[in-house]
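Student: Give me the fold of what follows.
(2 chains)
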Amino acid sequence: MNYHTPSTFEDAARLAGAAGGVTRFLAGGTDVLVQMRAGMVLPDDLIDLKKIPGVHDIARTADGGWRIGIAVPGAALGANAALVADWPGVVEGMELVGSTQVQGRATLAGNLCNGSPAADSVPGLIAAGATAEITGPGGTRSAPVEEIPAGPGKTTLAPGELISAILLPPRGKAGGDAYLRFIPRTEMDIAVAGCAVNLRLEGDTIAEARVALGAVAPRIALAPGCAAAIIGTTLDEAALAALDAAAQAACSPIDDKRGTVAFRTEVAGVLARRAAAIAYSRAKGE
Amino acid sequence: MSKIHVTTTVNGDEVEFLADPRESLLDCLRDHLGLTGSKEGCGTGDCGACSVTLDGTLVCSCLVLGVEAEGRRVATIEGMAEGNALHPLQRKFLEHAALQCGFCTPGILVAAKALLEKNPDPTETEVRYWLAGNLCRCTGYDKIIRAVLDAAAEMRQEAA
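Tutor: You can find the predicted model right below:
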């Protein structure tokens, strides 16, 4: 295995584009090293991105949003009070990934690129309207985060392409987000269902909303029906019931030992209700 | 397979070793530097027996490549006692019998030390969540949690 430490994303993309065999990018390593150890993936070329300037930084963008480097671990997100104040739902999703030790390494970009339908940080990013900056052999482009997952273990990134930053939009006034998941334990487990809600209020009325569901379909995805169910409402019981029904309608989960189809579907509705209530109270500044 | 020369700092001392790029930091600590205090339980980041700090951040050394340690600061269980003087956490683990087979103990001590540096007065719940990534199959955890809380109390008094 060749171990590379490029100093720019363009060089990283070039290395990956020119490599003939199995290539992996290394950020936090909490998935790649496990796959290597298990023999699932034996890279010929491992491209460590952590020597690229800026990858460890969390920075405000000119428009008031955020640019998060691809090597920023969950623990660093949680330690950034201004980011937590803007996007608590994004941060709490990432902080649910793994143990304290894993939080010291695991990254948003890695969680996204691992392609798990149950990735805890991804629904929050999608609900927030986050974009991925992608560098490839042909240059740099941007894509909404919801366009990255392509099914279990797969992404829409082309060979040689890699995520070079995660961008969050400006929070703006009267906005709030939240992520909730269900696991059978209280810690250290993989989501059986998850839901992120991001909304903006005008007065007491929800003016804009984005809802994303995790672990209940092959891809983590936006649920436009859920957003439609609460936009224009004050999140009263009728709106919550409509949201619950829309979330259940958006589910097409697997049936396995951790959750049946019926269970995952019902729980997705409950989580949507609860996450919406938290996002609403955060938007009110409560 | 060409090996890579790595220079890093372990427990305050500059060290160097030759690493196959596929080797974990845990392998390098144990096999190249003779620091066998960090243990391999699972090798997949689930059990925490290999816990070390990397530039002050708690990590599983099985989920870090040895070559990634270049230019960084690594702290292991071997750096915890000062000579023959045990760290308060180590003493309290003995007093509370917070270990049986001892395999998980180095990782739990390193993890608990990282917690108390960040939060000198944790609640029981905070200790339990912080240590959720450190598995112990002997003690049932209760004695471990009590030992950490007792050590934290003692360390706060000393600091006051």
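Student: which bits of chain B sit near chain A?
Tutor: B:1, B:4, B:21-22, B:24, B:43-45, B:48, B:51, B:54, B:57-60, B:62-65, B:67-68, B:111, B:114-115, B:129-134 (CB under 8 Å from any CB of the partner chain). Every C-beta, even on glycine, is put in place using the N, C-alpha and C of the backbone.
Student: Just those: which are in helices?
Tutor: Taking DSSP state H, the ones among those that sit in helices are B:A111, B:A114, B:L115, B:Y129, B:W130.
Student: Touching, the fourth one and A:M188? I think so.
Tutor: No. Distance between B:Y129 and A:M188: 9.5 Å, which falls outside the contact criterion (CB atoms under 8 Å).
Student: Which of the ones in helices among the residues of chain B next to chain A has the largest number of neighbours?
Tutor: Neighbours here mean other CB atoms under 10 Å in any protein chain shown. Within those, the largest count is held by B:A111, at 26 neighbours.
Student: Can you give me the neighbour number for the residue lying closest to that residue once chain neighbours are set aside?
Tutor: Leaving aside its sequence neighbours, B:A111 sits nearest to B:S51 (CB to CB, 6 or more residues apart in numbering or on different chains; 4.8 Å). By other CB under 10 Å, the residues close to B:S51 number 33.
Student: A:V145 and B:G102, how far apart?
Tutor: A:V145 sits 45 Å away from B:G102 when distances are taken as CB to CB, to the nearest Å.
Student: between the two, which one's more packed in?
Tutor: In terms of neighbours (other CB under 10 Å), A:V145 is the more surrounded of A:V145 and B:G102; the figures are 27 against 11.
Student: Quick check: the more buried one vs chain B, distance?
Tutor: From A:V145 across to chain B, the span is 24 Å (CB to the nearest CB, to the nearest Å).
Student: Could you pull up the contacting residues of that residue?
Tutor: Residues near A:V145 by CB atoms under 8 Å, 6 or more residues apart in numbering or on different chains: A:L112, A:V122, A:L125, A:I126, A:A130, A:T131, A:A132, A:I166.
Student: Pull out the buried members of those.
Tutor: Among those, those classed as buried by neighbour count (16 or more other CB atoms under 10 Å in any protein chain shown) are A:L112, A:V122, A:L125, A:I126, A:A130, A:T131, A:A132, A:I166.
Student: now, which of these sits nearest chain B?
Tutor: A:L112 (18.2 Å; CB to the nearest CB).
Student: my read: that closest one touches A:I126, true?
Tutor: No. The criterion here is CB under 8 Å, and A:L112 misses it with A:I126 at 9.7 Å.
Student: all strands for the stretch 51-200 of chain A, in order.
Tutor: Along the stretch 51-200 of chain A, the segments classed as strands by DSSP state E, counting those that start in this stretch run A:58-60, A:66-68, A:131-136, A:139-144, A:162-168, A:175-182, A:193-202.
Student: could I get these as TSV with mean pLDDT?
Tutor: Below are these laid out as TSV (pLDDT from 0 to 100):
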stretch	mean pLDDT
strand A:58-60	98
strand A:66-68	98
strand A:131-136	98
strand A:139-144	97
strand A:162-168	98
strand A:175-182	98
strand A:193-202	98
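Student: Quickly check the contacts of A:V145 for the two that are furthest apart.
Tutor: A:V122 and A:T131 (13.2 Å; CB to CB).
Student: in stretch A:40-57, what's buried?
Tutor: Of the residues in stretch A:40-57, those buried by neighbour count under the rule 16+ other CB under 10 Å are A:V41, A:P43, A:D45, A:L46, A:I47, A:D48, A:L49, A:K50, A:K51, A:I52, A:V55.
Student: cool, stretch B:90-100 as well?
Tutor: Neighbour counts using 16+ other CB under 10 Å place B:Q90, B:R91, B:K92, B:F93, B:H96, B:A98, B:L99 of stretch B:90-100 among the buried residues.
Student: Please name the nearest non-neighbouring residue to A:G64.
Tutor: Of all residues not flanking A:G64 in the chain, A:P170 sits nearest, at 3.6 Å (CB to CB, 6+ apart).
Student: from what I can see that neighbour touches A:A62, true?
Tutor: No. A:P170 is not in contact with A:A62 according to CB under 8 Å; the separation is 10.0 Å.
Student: Rebuild the buried ones among the contacts of A:V145 as JSON lines, extending it with distance to A:R24.
Tutor: What follows is these, written out as JSON lines (distance: CB to CB, whole Å):
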{"residue": "A:L112", "distance to A:R24": "15"}
{"residue": "A:V122", "distance to A:R24": "19"}
{"residue": "A:L125", "distance to A:R24": "22"}
{"residue": "A:I126", "distance to A:R24": "24"}
{"residue": "A:A130", "distance to A:R24": "23"}
{"residue": "A:T131", "distance to A:R24": "23"}
{"residue": "A:A132", "distance to A:R24": "18"}
{"residue": "A:I166", "distance to A:R24": "19"}
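Student: from those residues, which is closest to B:C138?
Tutor: Out of these, the one with the shortest distance to B:C138 is A:V122. That distance is 37.0 Å, counting by CB to CB.
Student: Contacts only, for that closest one.
Tutor: Taking CB under 8 Å, 6+ apart, we find A:V122 in contact with A:G93, A:N111, A:L112, A:V145, A:P149, A:A212, A:G214, A:I220.
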